[in-house]
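Peer 1: Mind folding the following:
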Amino acid sequence: MSGLALRSLGDTHWESLPAVTVLVIRPNGWILACPFPWVVYSLVLTMRREVTPAAAFLFAGTMFLALTILVCAVFIACVIPFITLKA
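Peer 2: Next up is the predicted model:
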């Protein structure tokens, strides 16, 4: 999907895309490593006998924070090519 978005953005703009857009949107392996800390922490929580509410809220809170940051980064990377800068 990101390859299609990058191709579409590249077709609509005759100039080169900003580096931030290429870094975030280009299909590369960094996005596959994003959920790794939560997979490890979910395994740790599964091994515990009792899960405290603090541990559950920490897990959910950090997961939602990371998801929010990722969605905002993708949104900003997609919007940047359409912003016209006037000098």
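
Peer 1: quick one: average pLDDT of the host helix or strand of residue 22?
Peer 2: Counting by DSSP states H and E, the element that carries residue 22 is helix 19-25. Mean pLDDT, helix 19-25: 81.

Peer 1: What helices and strands are in contact with that helix?
Peer 2: helix 2-12, helix 53-79 (3 or more C-beta pairs under 8 Å, 6 or more residues apart in numbering; DSSP states H and E). Quick note: C-beta positions are derived from backbone N, CA and C, even for glycine.

Peer 1: among these, where is the model least confident on average?
Peer 2: For these, mean pLDDT drops lowest on helix 2-12, to a mean of 65.

Peer 1: Identify the residue nearest the spatially most central residue of the chain in space, chain neighbours excluded?
Peer 2: Within the chain, the residue whose C-alpha comes closest to the C-alpha centroid is residue 70; the distance, by C-alpha atoms, centre = their mean, is 2.7 Å. Leaving aside its sequence neighbours, residue 70 sits nearest to residue 34 (C-beta to C-beta, 6 or more residues apart in numbering; 6.6 Å).

Peer 1: one step back: residue 23: which of the helices and strands packed on helix 19-25 is closest?
Peer 2: helix 53-79 (7.5 Å; C-beta to C-beta).
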